[in-house]
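Undergrad: Need a 3D model of the sequence below.
(chains A and B)
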2 protein chains.
Amino acid sequence: MIYLDHAAATPLTSRTLEAMTPYFRERFFNPSAPYLPAKRVREAYEAAKTDLARIIGAKGVDMIMTSGATESIQLAFTAARGKVLVAATEHAAVLEAARSRKHDLIAVDANGVIDLDDLHQKISDEVELISISLANNELGTIQPLSEVAELIREIREDRRARGVKSPLFLHSDASQAMSLIDINVSRLGVDLLTINAAKVGGPKGVGALYVGRGIELKPLQRGGGQERGLRGGTENVPGVIGFTVAAQEVKSHLNSNRKKYQEMASILKRELAHTLIISQMGEKVKILGDSRRQLANFVPICFTGVDAERLIYKLEQQEIYLSTGAACAANKGTKSHVLAAIGLGDEEIMGSLRISLGSTNTAEQMPIVAGALARAVAEELHRTHKIKEAHE
Amino acid sequence: MIYLDHAAATPLTSRTLEAMTPYFRERFFNPSAPYLPAKRVREAYEAAKTDLARIIGAKGVDMIMTSGATESIQLAFTAARGKVLVAATEHAAVLEAARSRKHDLIAVDANGVIDLDDLHQKISDEVELISISLANNELGTIQPLSEVAELIREIREDRRARGVKSPLFLHSDASQAMSLIDINVSRLGVDLLTINAAKVGGPKGVGALYVGRGIELKPLQRGGGQERGLRGGTENVPGVIGFTVAAQEVKSHLNSNRKKYQEMASILKRELAHTLIISQMGEKVKILGDSRRQLANFVPICFTGVDAERLIYKLEQQEIYLSTGAACAANKGTKSHVLAAIGLGDEEIMGSLRISLGSTNTAEQMPIVAGALARAVAEELHRTHKIKEAHE
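TA: I've put the predicted structure just below:
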């Protein structure tokens, strides 16, 4: 098997599963219970939160553990009462959270980088929250968050000077970025940050929201007062411990992984470019995004005029697994709003694949992938050519 | 170790962990991804949902998987726009969900059974949701849900006859009941039902909401359209599979477990009654609730005039673990609203313990518990007596 869809899901590392297992079994206690073994579980839980927070340059007390990125995002959006601005290329979870209130989309350029002028112009006094992912989940495009944070600081000052009372917060969904970018909330200048265990080798169903001091959220679920009253429900102790261990592993390999994926990606691109069919396709083959502003593990490719879903099916026969884009969107057969936002036409969108490398990949796999992909593209072009001929 | 707090948390059974593990590792795929191994994960996920639904007499399509009971309850409450009625003894998650809107509490009797007359009288035309747990989490009291459902049917008919348009739904939090009661949503007559993996030997952070046909909910978190658009976020595949396996195990042992816990509970009560100190305390020792209408694994005891928290501490020294009530409430040192609702005075509430038996217990442990508990009570009475004497 060659798995090329690490942006959709990652396997739990063995260390992560090992760290979680005792908390399923002998250390299963409710962390709020009053006896010693339960208090030890509470300590382990809080220590894991602190360690996780440290990874993004925060404190444990600033973290709210959730059931995943979708919940974190939804919770982050409760900071705003007014209008929100989100990048046009955001994940469905952000777009849906925005759609339930007054909102506007921030335009992006051909590489998926947000248009800072468009953003600036759209920050009217009623805007209270801006949500821009640190890295996009289809293109891997890394957004200039620090520049956005700088702009926000200026606007806040201007609002203060003019006596405008509405707050202005910056939220970033860093789910996809965390496995490749060294995240520091202060350096990024974000007020709220979403992270997700399932994207970094941790368990599904676990996420966190970093919340800057003084920001008031409206709990989505109250109950036993957990997470400082901001998120009720018995703490998912094994899940949070797993998240932390996975995030630590990812953090300690950030540089080596980046290098590794860069190498793999260049082998893949080079091998692909050398195949007859791809070299003949010319302009019709495009690597999407700008690799200088892209997560190292992302290789989004567009084969104009080819049906990408058929390519996926053909590669699947050879146990090579990849997708056209976000799994949840791909599943519904809807056109990628991300690729539409960067200006691709329907034929280009239909022909686009998302390759996202990860822990399961090796450099040796890349020529195999390139060969299989080129063959599949050739077969598809041949097939459509024959269909065309038959019609003529 | 003797663990007597199964109402707070349960260890994962080995079969449950075994069933989950492949979905953490080799079957880690995103169930929405388009390639075969991911589709197999989707199938396993849907099959698990169907099996879980079957356990409560429902269909997979009627279940929304959540991150636990607190979320399920919160989601259930979105069915109502108008006023809600909840039993005064409900879990904090239900009470908090009620408090965020117009609500009223249903009175209970000395055993914690809801007062049907009080309920009837409070169902004004603006009431749209009634939430009553199937069994209480501190007393184990089983509520007459079928009678409530019958009453609701009558009121619905009356509303129809009078042209009153507001709907009236019955929600039940069956988290605590599921390990001992054979649940069937039709037989119970509920419209919405909450269940929780962590209370039946499954993983923390996984719950479900049964939703009767035609009931419209307002999603708490949208996103990739999962759970029929009612609950976004990548599905917690290992969690849901673990929940189902644990629930199946519990279901297949319902009768034998009930018998086992009844036996243990009577040994415990008998041994306790035979100790000198307890026999001397007379009226000051009370087993709370009515065992004929109580989960078989619950033995809530009140030692009037004794500080229950000190008892817990003393028993902890002997590796016997139990609590005063709900873990999340006990943690905050607040007085149990459940015990207050059944009419206990402060001294009685302060002296109350919740013993909840479970899979880790054996009959042999019961005399040990009774002995340790009696000794602890005797020491405490002696201590307070000496303090009193010193003051006189």
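
Undergrad: Quick one: residues in contact with the one helix or strand residue A:278 maps to.
TA: Using DSSP states H and E, residue A:278 sits within helix A:276-281. Applying CB atoms under 8 Å, 6 or more residues apart in numbering or on different chains, the contact partners of helix A:276-281 are A:272-273, A:285, A:303, A:374, A:377-378, A:381. C-betas here are computed from N, CA, C, even on glycine.

Undergrad: what does stretch A:369-388 give?
TA: Residues contacting stretch A:369-388 (CB under 8 Å, 6+ apart): A:2, A:4, A:267-268, A:271-272, A:274-278, A:281, A:303, A:305-307, A:310-311, A:314-315, A:318, A:320, A:355.

Undergrad: Over to stretch A:217-227?
TA: Residues external to stretch A:217-227 that are found in contact with it (CB under 8 Å, 6+ apart): A:32, A:64-65, A:71, A:74-76, A:78-79, A:211, A:229-235, B:70-71, B:73-74, B:91-93, B:96-97, B:99-100, B:220-221, B:326-329, B:331-332.

Undergrad: got a list of what residue A:57 touches?
TA: With contact set as CB under 8 Å, 6+ apart, residue A:57 has these partners: A:183-187.

Undergrad: Give me the pLDDT value at it.
TA: With respect to pLDDT, residue A:57 scores 98.

Undergrad: For the nearest residue to it once chain neighbours are set aside, grab phi and psi.
TA: Nearest non-adjacent residue to residue A:57, counting by CB to CB, 6 or more residues apart in numbering or on different chains: residue A:184, 3.7 Å away. Phi and psi for residue A:184, reported as degrees, to the nearest 10, are phi -140, psi 120.

Undergrad: I'd say residue A:184 and residue A:56 touch.
TA: Yes. The criterion here is CB atoms under 8 Å, and residue A:184 meets it with residue A:56 at 6.5 Å.

Undergrad: Now do the contacts for residue A:114.
TA: Contacts of residue A:114 by CB under 8 Å, 6+ apart are A:87, A:106-108, A:132, A:143-144, A:148.

Undergrad: same thing but 6 Å
TA: With contacts defined as CB atoms under 6 Å, 6 or more residues apart in numbering or on different chains, the neighbours of residue A:114 are A:87, A:106, A:108, A:143.

Undergrad: among the contacts of stretch A:369-388, which are in strands?
TA: If you go by DSSP state E, the contacts of stretch A:369-388 have A:2, A:303, A:320, A:355 in strands.

Undergrad: could you dump those residues to a markdown table with pLDDT, distance to residue A:163 and neighbour count?
TA: Converted to a markdown table, these look like this (pLDDT from 0 to 100; distance: CB to CB, whole Å; neighbours: other CB atoms under 10 Å in any protein chain shown):
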| residue | pLDDT | distance to residue A:163 | neighbour count |
| --- | --- | --- | --- |
| A:2 | 98 | 60 | 18 |
| A:303 | 95 | 55 | 25 |
| A:320 | 98 | 60 | 22 |
| A:355 | 97 | 51 | 26 |
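
Undergrad: Farthest-apart pair in those, please.
TA: A:2 and A:303 (18.6 Å; CB to CB).

Undergrad: element containing residue A:129?
TA: Residue A:129 is part of strand A:127-131, with elements assigned from DSSP H and E.

Undergrad: Only alpha carbons, please: show that strand as CSV.
TA: Extracted C-alpha coordinates of strand A:127-131, given in CSV (Å, rounded to 0.1, in the frame of the first residue of the first chain):
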residue,chain,number,x,y,z
VAL,A,127,-16.2,42.8,11.9
GLU,A,128,-15.3,41.1,15.2
LEU,A,129,-13.6,37.9,14.0
ILE,A,130,-11.2,37.0,11.2
SER,A,131,-10.6,33.3,10.6
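
Undergrad: Beyond it, next helix or strand please.
TA: helix A:145-162.

Undergrad: And that next one, what's buried?
TA: Buried residues in helix A:145-162, counted by 16 or more other CB atoms under 10 Å in any protein chain shown: A:145, A:148-149, A:151-152, A:155, A:159.

Undergrad: Nearest to chain B among the residues you listed?
TA: The nearest member of the buried residues of helix A:145-162 to chain B, counting by CB to the nearest CB, is residue A:145 at 21.7 Å.

Undergrad: excluding its backbone neighbours, what's nearest the closest one?
TA: residue A:188 (5.0 Å).

Undergrad: hmm, back to that, out of the contacts of residue A:57, which two sit at the greatest distance?
TA: A:183 and A:186 (10.4 Å).

Undergrad: between these two, which one's more packed in?
TA: residue A:183 (24 against 11; other CB atoms under 10 Å in any protein chain shown).

Undergrad: Quickly find the element holding the more buried one.
TA: Here residue A:183 sits in a region with no helix or strand, counting by DSSP H and E.

Undergrad: before we move on, what about residue A:390?
TA: Assigned by DSSP H and E, residue A:390 belongs to helix A:365-391.

Undergrad: Return the distance of that helix from the chain's centre.
TA: Centre-to-centre, helix A:365-391 and its host chain are 30 Å apart (CA atoms, centre = their mean, to the nearest Å).

Undergrad: how many neighbours does the closest residue in space to residue A:99 that isn't next to it in sequence have?
TA: Spatial nearest neighbour of residue A:99, chain neighbours left out: residue B:222 (7.9 Å); criterion: CB to CB, 6+ apart. The tally of other residues near residue B:222 (other CB under 10 Å) stands at 23.

Undergrad: Quick check on the contacts of helix A:276-281: which are buried?
TA: A:272, A:285, A:303, A:374, A:377-378, A:381.

Undergrad: Please report how far the nearest residue to residue A:343 once chain neighbours are set aside lies from residue A:89.
TA: Spatial nearest neighbour of residue A:343, chain neighbours left out: residue A:110 (5.6 Å); criterion: CB to CB, 6+ apart. Counting by CB to CB, to the nearest Å, the gap from residue A:110 to residue A:89 is 12 Å.

Undergrad: Of these two, which one has the most company?
TA: Neighbours around residue A:110 and residue A:89, counted as other CB under 10 Å, are more numerous at residue A:89. The numbers are 29 against 12.
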